[in-house]
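>>> 3D model of this:
(one chain, ligands or ions: 2)
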Amino acid sequence: MNLSGGWPSMELRTGPVAIIGQGEERKGFSERLEETLHCLEFCTFRGDGVKDLEEEEKQKAGSSTHIGETKAKRLLQIKSWQKLKTMVHCSPFVVSFKKRYPWVQLAGHAGNFQAGEYGRLLKRYCECEQQCLQKLMKDTLRPYVPGYYGVIQKDEQDYNLMDDLLADFDSPSIMDCKMGSRTYLEEELLKAREHPRMRKDMYEKMVAVDPEAPTEEERAQQGVLKPRYMQWRETLSSTATLGFRIEGIKKADGTCNTNFKKTKHKEQVMLALEDFVNGNVQILKLYLQRLEELRSALEQSQFFKAHEVVGSSLLFVHDASGKAKVWMIDFGKTVPLPESQTLDHRTPWLEGNREDGYLWGLDNLISIFSTMLSQTP
Ligand SMILES: Nc1ncnc2c1ncn2[C@@H]1O[C@H](COP(=O)(O)OP(=O)(O)OP(=O)(O)O)[C@@H](O)[C@H]1O
Ligand SMILES: O=P(O)(O)O[C@@H]1[C@H](O)[C@H](O)[C@@H](OP(=O)(O)O)[C@H](OP(=O)(O)O)[C@H]1O
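Ligands and ions are numbered 1, 2, ... in the order given. Next comes the predicted model:
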């Protein structure tokens, strides 16, 4: 992990996933070409996509040398497709292939995503997320979340099938902002108290950022409790003070930064945002407009009133054509409240009130965008 700070430090926390769909034999040439190019693009943003895929296939086969005849054939096929792809780049008849795009997972757990059919994404199944997405399809928030198409199974693993929000962009710039003043659920807190479990991995992540952060006891145990780690992350970043934090930014030029753990103050956030939009005032305006529309939709949403929304992100996407949009993603920790209870998402959290600070964070984000715009000549 690169923790040195500042641009142009590169830290790609998780890699993209390459998949080869099943039942390819039954599909037509152009369909297969389309799909294969998509799969290739999923694994090429780091440069050598075929190498990545080979590695992945080897790992799946459980051996570092033998990848099996079918898989070897597939790789050969892909290599041929890639050659073809290189050729078609210089050929004027493949205009439609211009829409191919590299896919990037900016934050979150490694291995959670797979490419679906063109424009769709498979995310490892989570019942909580499924319930939310289903309800959101009928809510005022529908235009602000990825379209949801149900559960599908692939290689004995269930996935939620949803829109790939990058699909309509050319070389998009992407930013993930985790919303809310709290990043763990109240129920996680209760569980951690009942069954305290020291996390060595979190201790290590903590020490890597600040060797002084662990207490004597934590140092002795070489571990920290999850809520303690999450709270430490919240106060180190802008989560506790502004109600959101930047998780990662990938720019159109390919630079990618997930090193925002210490981005805490408004001024630091503004610098990151300015860099993200490359000083483009029009993009800033579009983002501000979209955020304001989202806020109105959230204030009217029945779903939002009735859920504790924790760990959910806003995904910002724009490209050189001047398009800029924001969506809500990640409902893995968005849970329904008891029927009698609602949240305003602005009241400060006190254990038991379940407030998550989502709208407070959005107010602050909107105010930051507005200030930036008011400062432009
Ligand atoms: N529908 C989508 N379209 C395009 N990109 C997406 C979509 N959903 C997620 N991503 C990408 O994947 C990243 C991680 O998404 P998400 O937060 O849903 O994953 P997660 O593993 O559940 O995260 P966490 O560990 O925070 O719970 C996002 O930052 C974004 O780059
Ligand atoms: O960003 P970091 O510093 O790497 O920390 C992770 C981050 O807070 C994730 O949101 C969290 O997953 P959840 O939101 O799903 O709890 C994960 O917990 P985990 O390791 O228990 O999955 C943390 O390790």
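>>> Distance of Lys205 relative to Gln231?
Separation of Lys205 from Gln231 (Cβ to Cβ, to the nearest Å): 14 Å. The way it works is simple: take the backbone N, C-alpha and C, and place the C-beta from them, glycine included.
>>> Could you confirm Ile174 falls within a strand?
Yes - counting by DSSP: H, G, I helix; E, B strand; the rest coil, Ile174 is located in a strand.
>>> List the buried residues of stretch 232-250.
232-234, 236-240, 242-250 (16 or more other Cβ atoms under 10 Å).
>>> Can you pick out the ones from those that are in helices?
Among these, the members falling in helices (DSSP state H) are 232-234, 236, 239-240, 242.
>>> which among the residues you listed gets closest to ligand 2?
Arg233 (5.3 Å; Cβ to the nearest ligand atom).
>>> What does the pLDDT read for the closest one?
The model reports Arg233 with a pLDDT of 98.
>>> just checking, it touches Lys261?
Yes - the pair Arg233 / Lys261 is scored as a contact, 6.9 Å apart, by Cβ atoms under 8 Å.
>>> what's the burial count for whatever residue of the stretch 251-377 of the chain ends up closest to ligand 1?
Nearest residue of the stretch 251-377 of the chain to ligand 1 (Cβ to the nearest ligand atom) works out as Asp330 at 3.4 Å. By the criterion of other Cβ atoms under 10 Å, Asp330 has 23 neighbours.
>>> Quick check: the gap between it and ligand 2.
Per Cβ to the nearest ligand atom, to the nearest Å, Asp330 is found 8 Å from ligand 2.
>>> Begin at 864 from now on, thanks
With the count now opening at 864, the last piece we talked about shows up as Asp1193.
>>> contact partners of whatever helix or strand Gln1016 lives in?
In this structure, Gln1016 sits in strand 1011-1017 according to DSSP states H and E. The contact list for strand 1011-1017 (Cβ atoms under 8 Å, 6 or more residues apart in numbering) reads 882, 885, 977, 983, 985, 988, 993, 996-997, 999-1000, 1021-1026.
>>> so who does the residue of the chain found nearest ligand 2 touch?
Nearest residue of the chain to ligand 2, counting by Cβ to the nearest ligand atom: Gly1174, 4.2 Å away. Gly1174 makes contacts with 1041, 1043, 1046-1047, 1193, 1195-1197, as judged by Cβ under 8 Å, 6+ apart.
>>> Repeat that for Thr1126.
Contacts for Thr1126 were tallied using Cβ under 8 Å, 6+ apart; they are 1100-1101, 1108-1109, 1132, 1135.
>>> pLDDT at it, what is it?
At Thr1126, the model reports a pLDDT of 98.
>>> Number of residues surrounding Glu1079?
Each residue near Glu1079 was counted by other Cβ under 10 Å, and the total is 7.
>>> now swap in Glu1162 and tell me
14.
>>> separation between the nearest residue to Lys1125 once chain neighbours are set aside and ligand 1?
In space, and not counting its chain neighbours, Lys1125 is closest to Leu1099: 5.9 Å by Cβ to Cβ, 6 or more residues apart in numbering. Separation of Leu1099 from ligand 1 (Cβ to the nearest ligand atom): 16 Å.
>>> if I look at Leu1099, how far off is Phe1123?
When distance is defined by Cβ to Cβ, Leu1099 is 10 Å away from Phe1123.
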